[in-house]
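*Asks:* can't give you the sequence, but here's the structure:
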């Protein structure tokens, strides 16, 4: 801009000098008796040539300055575009790395979810088997209790008959001993069955607590998987938006370049 202003001032000064010379020659010719502005052709042609040289020089300077400014502007624009493109690529690479890490994390969460589901299925099957064993043990305990009650009633009846009939035969005494021995065995069997039932109940309680913990872990794993899935979807959408923005930016730059310089920014391959 400074060069254009200085060139304009220089051209005006030179034109002013040319006009002054023309007026000076006109005054001299007037003194010699000639009419005003009655100049010879050579002076007029010389002035026109002088003015043409000044104007052409001025135009050349302006065009040269304009081309220089355009080249500088083009270089600055390309450098700024390359910087922005490099920064965008770096951001896109970071987003892609973050997306891939979250997808890997989601895959790991899915694998852990499958493993937890398998463990839960095994625990449920084991729990069902334990419940069946507990029901069987309860039925055995009920039968043993019924047998014990029947034996107790029989024993009491026998004792009553023994009290009323003290003079029974020795075989009756042996039978009583056998009944007492059987009664003791039945009591021992009942006690063992009760202990087994208690242990089965304890195992069932432990398994119930384990199943609750596994269900809680499965729920947390499902929540983490859903969160990872949502984050991956948002990142994929953001990546698509960035790519579309990059395509729009490239199309805009190509259009501006073609509009300014009448040629494509990137030469086409022939």
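*Replies:* That came through fine. Owing to the predicted nature of the structure, the values given are computational and were not obtained by experimental measurement.
*Asks:* okay, CA-based contacts and neighbour counts for the rest of this
*Replies:* Noted.
*Asks:* and residue 78, what helix or strand is that in?
*Replies:* Here residue 78 sits within helix 41-164, counting by DSSP states H and E.
*Asks:* So for that helix, mean pLDDT?
*Replies:* Average pLDDT, helix 41-164: 77.
*Asks:* Point out the other helices and strands that the helix or strand that that helix is followed by packs with.
*Replies:* Next helix or strand after helix 41-164 toward the C-terminus (DSSP H and E): helix 170-261. For helix 170-261, the packing partners by 3 or more Cα pairs under 8 Å, 6 or more residues apart in numbering; DSSP states H and E come out as helix 41-164.
*Asks:* and the helix it packs on with helix 170-261, angle?
*Replies:* Angle, helix 41-164 to helix 170-261, by axes from the mean of the first three to the mean of the last three Cα atoms, to 10 degrees: 180 degrees.
*Asks:* Would you mind pulling the contact partners of stretch 238-249?
*Replies:* Identification of contacts with stretch 238-249 by Cα atoms under 8 Å, 6 or more residues apart in numbering yields 92, 95-96.
*Asks:* which among these end up buried?
*Replies:* By neighbour count, with 16 or more other Cα atoms under 10 Å, the contacts of stretch 238-249 hold 92, 95 as buried.
*Asks:* now, which of the contacts of stretch 238-249 sits nearest residue 82?
*Replies:* Residue 82 lies nearest to residue 92 out of the contacts of stretch 238-249, by Cα to Cα, at 14.9 Å.
*Asks:* In contact with the closest one, which residues?
*Replies:* Neighbouring residues of residue 92 by Cα under 8 Å, 6+ apart: 239, 242.
*Asks:* Equivalent analysis for residue 186, please.
*Replies:* Each residue near residue 186 by Cα under 8 Å, 6+ apart is listed here: 144, 148.
*Asks:* can you rerun that using 10 Å?
*Replies:* Contact analysis of residue 186 by Cα atoms under 10 Å, 6 or more residues apart in numbering lists 144-145, 147-148, 151, 180, 192.
*Asks:* where's it relative to residue 79, distance?
*Replies:* When distance is defined by Cα to Cα, to the nearest Å, residue 186 is 100 Å away from residue 79.
*Asks:* Same question for residue 240.
*Replies:* Applying Cα to Cα, the value for residue 240 to residue 79 is 26 Å.
*Asks:* do residue 199 as well
*Replies:* Look at residue 199 and residue 79: by Cα to Cα, they are 80 Å apart.
*Asks:* now residue 221
*Replies:* From residue 221 across to residue 79, the span is 49 Å (Cα to Cα).
*Asks:* The two - which one has more neighbours?
*Replies:* Neighbour comparison, residue 221 and residue 79: the larger count goes to residue 221, with 19 against 12 (by other Cα atoms under 10 Å).
*Asks:* wouldn't the more buried one be in contact with residue 116 here?
*Replies:* Yes - with contact defined as Cα atoms under 10 Å, residue 221 and residue 116 form a contacting pair (8.7 Å).
*Asks:* Counting neighbours, what do you get for residue 140?
*Replies:* 15.
*Asks:* close enough to count as contact, it and residue 148?
*Replies:* No - in this structure, residue 140 is not within contact of residue 148 by Cα under 10 Å, at 11.9 Å.
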